[in-house]
Each structure stands twice: as structure tokens, then as C-alpha cells.
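**Q** below are the sequence and a predicted model for it; my questions follow.
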Amino acid sequence: MPCDLREEEEMSFIEIDESRCQKDGLCAQVCPFRLLAVEVGRSFPQAVPGAGQRCIRCGHCQAVCPHGALTLVGQEAGPVFRPEKLPDVEQLTQLVRGRRSIRVYRKKPVERRLVQRCIDLAHYAPTARNSQQIGWLVIDDKEELHRLTNHAFDWMRHLLATDDPRAEHYGVAGLIRGWEKGRDGILRQAPGLVVTFAPAGYGLGTMDSTIHLTTFELIAFSQGLGTCWAGFFQLAAADWSPLRQALALPDGQELTAAMMVGYPRLRYQRLPERRAARVVWRG
């Protein structure tokens, strides 16, 4: 029978099945904040003072136990990890090197269930202290995408009209001329846009979102989709209030990153080379 650890007020968040626990101390070793103490071979895991409040519920302690003896109260253990299911190096090479930034899309809309599948898996990407504060906004309505893109071009027109040095740097004059002729140099007429957001003032929102969307684009590529970071759109949203208002993010949230998504119109046949990585070794 599972029993609570000592100091119930501290340990109500975790349970140990003493019939399974081998007192090997793996849970204590893996805890990023050293909230568990074990005398290997002699005692069951015990909480340090304040552990219940300091635990970020990352699940490391639960995941590392080979005996299934530890349970985080209110958090499922999840399926068994099967290392034999991991892709080999050749498969990873095709995934990582084969991913391209797609700027030419088919008009075919992306099925929502497919985007949802990519998000559900990408949401397992790490966040600072397991805060899980990243939210997702998916826009797949053609008219809405056109409206938002036009707001972004209004921002570019403002840069040009005010002689902002970024106008020349970004080449906005040519982009605006292209837009007026029906070419979209911001969202590339992608059928979908994925936006991540986080609480305003959360200092690591951009980092967490970058990790999430990087994971998302690799998953999307494996599902036959193409993606491209929407840098101009992200810059415009940060600088142009009409675009932020049009996005209508939940109260207290701010855009942290944006990515186009759709079915690639073209198929790439080779894995382009890159310059050698710049690596400095110290030791």
C-alpha cells in the first residue's frame, strides 16, 4: 500500500510504494533542486524542509524510478520510455538537415487535427522551472491572415514615412511594392500562422517559445508540413499597436514568436551543406 512520506505537510505531493522502493536513491540524485534525501540502501526517500512548496513538478523523480515506486500526487506517470523506438543517427540527419524554411506554399489548408498533433507534442518541450506558461494561437482563416498581414505592412509604411533606419535595412520599400502587386513578403501567403504567447513580463517567454516552436517545426516537417519563422510579423507585432490589438491575445499575454505553416509547393532534393560549426573547447 502506498504511504505518505514523513512530514505530511511537506510530502503530501508525493507518495512512495514501500513494497516497490529499493532505496537506491535515484529519485534524490535526479531532483534538480535536491528536494529528496535518501540514505542509499537504508532509508526510503524523505523530503527536505519546504520541498512541497519548492517542487516544480518536472516529473524527473517519477520518471527515473525503474520500479514504479514513486508517484507525484495528481500527475500521471505517463507511458513507459522505450529507447529502442528512438530514431537512429541517419534518420535524425534526414530530419534536421532536410528541414527547410518554406516560403512557397500550396493553397491547400492544413488540417487542424494535424496542427493540434504537432502542438500537443511540441508542448512537451522544456520551459524554465517547468513553468509551462506558453500559449498557442493558430490562425488559418485566409481573410484574417490577409488582415493581419496588412497591419504588418502598415508598420512598414510607418517606418518608411518616418525615415526609420530599419526601413532601409529591412528593404521595406520593395516589400511594400510587392504587397501592392499581390506578393506577400511577410507571411508568404502561407495558409496558417502559429503564434506563441506568454504572460507579459515573464522574462523567459521568448526563450521558452523559441524552444517550443523549434520543436514544432521539426515535428511538422516529419508530418509533411513546411514552416518558416515569421520574423517580420513578430517585429511588427512588437512595435505596432494596431497589429497587437488585431491579434486579440488573452489579457495580460504578449506575443513571443510566430511561425508560418503549410504544405510546401516544392520538394527539395538535396541536403545543403553548412559552414563548419565554430566550436571552442576548454578542458
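**A** Nice, I can see it.
**Q** how about the strands in the stretch 151-283 of the chain?
**A** Secondary structure of the stretch 151-283 of the chain by DSSP state E, counting those that start in this stretch: the strands cover 192-199, 226-229, 253-262.
**Q** next: the stretch 1-150 of the chain.
**A** 3-4, 14-16, 36-37, 46-47, 70-72, 135-139.
**Q** can you report how many residues lie near Ala63?
**A** When neighbours are counted by other Cβ atoms under 10 Å, Ala63 registers 14. Bear in mind the C-beta positions are built from the backbone N, C-alpha and C, glycine included.
**Q** same question, Pro83
**A** The tally of other residues near Pro83 (other Cβ under 10 Å) stands at 5.
**Q** let me see the contact set for it.
**A** By Cβ atoms under 8 Å, 6 or more residues apart in numbering, the contact set of Pro83 is empty.
**Q** distance of it relative to Ser131?
**A** Distance of Pro83 to Ser131, given as Cβ to Cβ, to the nearest Å: 28 Å.
**Q** tell me the centre residue of this protein?
**A** In the chain, the centroid-proximal residue (Cα atoms, centre = their mean) is His212; its distance is 0.9 Å.
**Q** in contact with Gln234, which residues?
**A** Neighbouring residues of Gln234 by Cβ under 8 Å, 6+ apart: Leu255, Ala257, Ala258.
**Q** do the same with His123
**A** His123 makes contacts with Gln132, Ile134, Trp136, His212, as judged by Cβ under 8 Å, 6+ apart.
**Q** hmm, which two among the residues you listed are most spread apart?
**A** Greatest spacing in the contacts of His123, by Cβ to Cβ: Gln132 and Trp136 (12.0 Å).
**Q** so which of those two has more stuff around it?
**A** Trp136 (18 against 15).
**Q** and the closest residue to that one other than its chain neighbours, how many residues sit next to it?
**A** Spatial nearest neighbour of Trp136, excluding adjacent residues (Cβ to Cβ, 6 or more residues apart in numbering): Ile119 at 5.5 Å. Neighbour count for Ile119, taken as other Cβ under 10 Å: 18.
**Q** tell me how far Ile119 lies from Asp154.
**A** When Cβ to Cβ is the yardstick, Ile119 and Asp154 sit 29 Å from each other.
**Q** ditto for Gly182
**A** Gly182 is 17 Å from Asp154, by Cβ to Cβ.
**Q** tell me which of those two has more neighbours.
**A** Per other Cβ under 10 Å, whichever of Gly182 and Asp154 has more neighbours is Asp154, with 15 against 7.
**Q** identify the residues contacting the more buried one.
**A** Neighbouring residues of Asp154 by Cβ under 8 Å, 6+ apart: Trp240, Pro242, Leu243.
**Q** show me the residues you listed that map onto helices.
**A** Within the contacts of Asp154, membership in helices is found for Pro242, Leu243, as judged by DSSP state H.
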